[in-house]
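Novice: how would this look folded up:
(chains A and B)
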Amino acid sequence: MATEKPTLLEQLRRSEQLFEETGHYQGLTELPRLEADPLQFESFHSRLLSTIISTRETMKYIASSPAVRDFEEFVIGLYTPEGDAIALSSGIMVHVHTLSEFIKFMIRNGYEDNPRIRPGDIFENNEVWAGGVHTPDVMTVIPVFHGDELIAWVGAVAHELEAGTYEGPGMSVLTPDRYGEGLHISAEKVGEDDHFRHDYMLRLRMGLRNANWWILDDKAKLSGCLMVREALTAIIDEFGLDYYQQATKELIEEGRREFLKRVRTTMVPGIYRGLTMPVHKRSHVPFVHPLAKNDFIDLVRQEMTITGEGRIELDYEGSTGWSFHPFNCAPGPMNGGFWITLTQLLNYDGRVNDGAYLAVKQYLPEGSIVNANYQGVATSLAWWTLIPIFANVWRLMGISWYARGFTEEILMSTPTCMVGVTGFDQFGGPTGYNNFEMAGESFGARGVADGMDCGSPIWNSEGIQGDAEVWELTGPNVYLGRSFVPDHQGYGRFRGGSGWQSLWMVRNSDVVNVTLSGSGCMNGGVFHKGLFGGYPPAGWKCLWATGTNVSDLIARGEKLPSSLEEAERMLLDGTITAEDWYCGPDNQWSPNLREGDLFGVLYYGGAGYGDPLERELPAIDKDLANGLMTTEGARAAYGYAGSDAETDAERDRRRQARLAQSVPAAEWWEAERARAAAGEVSDMVHHAFARSAKLSDALPTQYKAFWQLDTFPYTETGEPNFSAPAPVGFTYPSSSSRPRPDLAS
Amino acid sequence: MTDDDRSRTSSQETTTALVGRKLSWEELLGLMRAPKEESRFAETLVAMQQLVDWEEQILLPLGENLFIVAKDGKAIVKTRAGAELGPWNGNWKMHCRVIVRRSREDFLEVYPEEHLTIDPGLVEIREFLCPVSGTLLDVDCVPPTFPVEVDFTPDLATFYTEWLGRDLPVSL
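Specialist: Got it, this is the predicted structure:
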């Protein structure tokens, strides 16, 4: 009598049970395929990986959107039947695990029965409740069958520049909830027989401004998935199905073991602490939704524990709550953020698979900014919370590598700063897109060198700025300049990568407007601190000007601005006239712009490493020669005085001046305690502390202990006392607080 | 001298040069690409010990110019210039001198006017200095009145006894 095959849900539960019971993936205490023939095992892994990477290259030529074709904003990977990642390409690796969550979502929510999972089916998702991050990250997944047995999944993700959001670009800055963040594809079957359904294609045509980008990217992803499926047939023919099924499990377990080994080899166990505080000022925006009309700080307390076993655990107890804005996170986005950290900093030369995920843990307090539990929550710009959080984790890992002597591994990241454009384009059609030149932002400082001035962002190891000409074709604007900003860097012995800026003029459109923003650094905030005495950069800003005379300047052949700061100077001195304009860190939503109007953004530089007075002179001379610093800037930041001897003398003087200006910390504490007891801070800071206390006693406990106070002075949250129901009717990725000892006992 | 000895010497020289930031970019790239050697930590301690004027044994580097060292059977935090900042697992920042910047004028002593957009009503910059040398040990950016906390408290016992397989020469 034939044994009935286990369902996918049974396989998934069995896998989780085996891990729970044994601590090994699929209960694999031994790795027989690897141990019997390591060369064959390596050859097998190489076949899988090379198939996936070469497929990704082909996909670029099918895609349409500049995000995929020119800026590497996509990824493809191979998964087990239970949804665990086996191997994946380079690109936006954040989605190794979000694809995994999507597959598990379908299994846990009964898709085997309805809508059924059959050969030729195509599933798609950009839904945060099904493991996604935000609406522009669109996942396409197909099952792979061998006979009637599902043996694998292949999945691909591309970031869409336009997702049908309220204000136009793929990521909404303004929406208070999910109902303004565009088209949701909520873990749906969108195709059969290896073809997308016509009704799905029509939905894209009707729901998007630039449907061609999404549709052709979908076709690129589907083609890639089919190519991998075909290649798998050949691989299984060569190695055999039994080998494939056992070796793929062993790859994941080996990935888990290698991760723990790498942590124990390169890091130091203990507790690492960080704080990020993205600032959002929106109350001055005339057209923002009443629910979102608020100025607030999202306080995120981070505690990273490296355990004796070598596991990395992240805990966010004490963070503020979710709210009516698009910057909320959920387990999907947070796991994605953790993943980009692991793949780029720890697993870059090992097995990039879900083994590493099994060696880490995140504790995400329910209802907090990192685990919003309201069904209508918006996550359209979850990245504006994630990027500072995980960049700070990179910084904390740097402390660990320093302690172990691996300074060459220390690397800090930068915020992502973004321009969104919407309106009507130079071809007369509706448009909305994010300019992804931000994918070439600088790095923070490294432990052995300055940060790269034009590097890649935390979320895409292969990100590039791209050609200005591509962006001029993409939207109704021309570049007036793209350049580095002298003196805009986090100062340090090794400085952060230089800030740079772009300035655009509207061309061939009379109805266009922009949103300009930066993760964790806008509205007067600081992205995160530097390392070991290094400073963060001076801040972020943007510019827009409407009803300008720039067309007249062109007609007269006069000088045009080539940078944001030159434009600001020309606006201030009246060379450029405008009906209305703004340059600064707050007013980041333009009114309608038309032909000849201006907009620009500063791409914030990276944080510094070490005392700036220890920066070597040749490094300063190089920056002066390259125009990345002015002589005045170098004197102010680094005590630079030309020669070695003069600089040494100036630096000695500076250190003495510091000592004279400073006070003993204990003395400062005495004086500051009265202010801390009274809670004499700005409303926004008061509200942030009170919002943290609303969810957890972690901050009040720490505050009262440090200042030796009986009461926590912050009680006003500055927001309505709302509560919102958690989703019902489906199973979704979840997380919770770390179990804590009873402090009262 | 055996081949092994030569290899160790070479590795120590490389680590000493790394600690002194004397390696070329090509050499650094080589280190980044190479497998991570378990000997690196011991070599790093040797290299760092040569850079300080005091005798206490370095147990763990905490940052540029900051260490956990063994003194009189206890582990304490000590700066390169010799200032002692309390127990290894305490809040060493509270033994520093500090400059707190909380106004635009304060910030302008650090940042150029045209670039400065940090809101001093929301963010306070705290500069923690070695009380002996005036060297910056750490710069915090926090909301005003946020408690001072250290970024890292190591699990010294686990690190030494379980990860390194060495005796910890102090009582914790």
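
Novice: Am I right that residue A:34 is in a strand?
Specialist: No: if the criterion is DSSP: H, G, I helix; E, B strand; the rest coil, then residue A:34 is helix and not within a strand.

Novice: got a pLDDT number for the closest residue to residue A:62 other than its chain neighbours?
Specialist: Distance criterion Cβ to Cβ, 6 or more residues apart in numbering or on different chains; nearest residue to residue A:62, sequence neighbours excluded, is residue A:220 at 3.9 Å. From N, CA and C alone the C-beta is placed, and that goes for glycine too. For residue A:220, the model assigns a pLDDT of 94.

Novice: so residue A:220, which of the three states?
Specialist: Classified using three-state DSSP, residue A:220 is helix.

Novice: isn't it right next to residue A:60, touching?
Specialist: Yes: counting by Cβ atoms under 8 Å, residue A:220 touches residue A:60, with 7.5 Å between them.

Novice: the more surrounded of these two?
Specialist: residue A:220 (26 against 14; other Cβ atoms under 10 Å in any protein chain shown).

Novice: Identify the residues contacting that one.
Specialist: Neighbouring residues of residue A:220 by Cβ atoms under 8 Å, 6 or more residues apart in numbering or on different chains: A:59-60, A:62-64, A:68, A:74, A:156, A:158.

Novice: redo that, cut-off 6 Å
Specialist: Residue A:220 makes contacts with A:59, A:62-63, as judged by Cβ atoms under 6 Å, 6 or more residues apart in numbering or on different chains.

Novice: Then residue A:224?
Specialist: A:55, A:59, A:76, A:156.

Novice: cool, residue A:662 as well?
Specialist: Contact analysis of residue A:662 by Cβ under 6 Å, 6+ apart lists B:97-99, B:129.

Novice: Which parts of the stretch 401-550 of chain A are helices?
Specialist: A:468-474, A:550-555 (DSSP state H, counting those that start in this stretch).

Novice: residues in contact with the last one?
Specialist: Helix A:550-555 is contacted from outside by residue A:596, using Cβ under 6 Å, 6+ apart.

Novice: Mind checking what helix or strand follows that helix in sequence?
Specialist: Going down the chain from helix A:550-555, the next helix or strand is helix A:564-572, by DSSP states H and E.

Novice: Now a ChimeraX select for only the buried ones of the contacts of residue A:224.
Specialist: In ChimeraX syntax, the buried subset of the contacts of residue A:224 is picked out as below (16 or more other Cβ atoms under 10 Å in any protein chain shown):
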select /A:55,59,76,156
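
Novice: Would you agree residue A:304 is in contact with residue A:273?
Specialist: No: using Cβ atoms under 6 Å, residue A:304 is not in contact with residue A:273; the gap is 7.8 Å.

Novice: For residue A:437, give its distance to residue A:564.
Specialist: To residue A:564, residue A:437 is 14 Å away according to Cβ to Cβ, to the nearest Å.

Novice: ok, residues contacting stretch A:388-396?
Specialist: Here stretch A:388-396 has contacts from A:272, A:274, A:276, A:278, A:300, A:304, A:337, A:341, A:412-413, A:458, A:520, A:527-528, using Cβ under 6 Å, 6+ apart.
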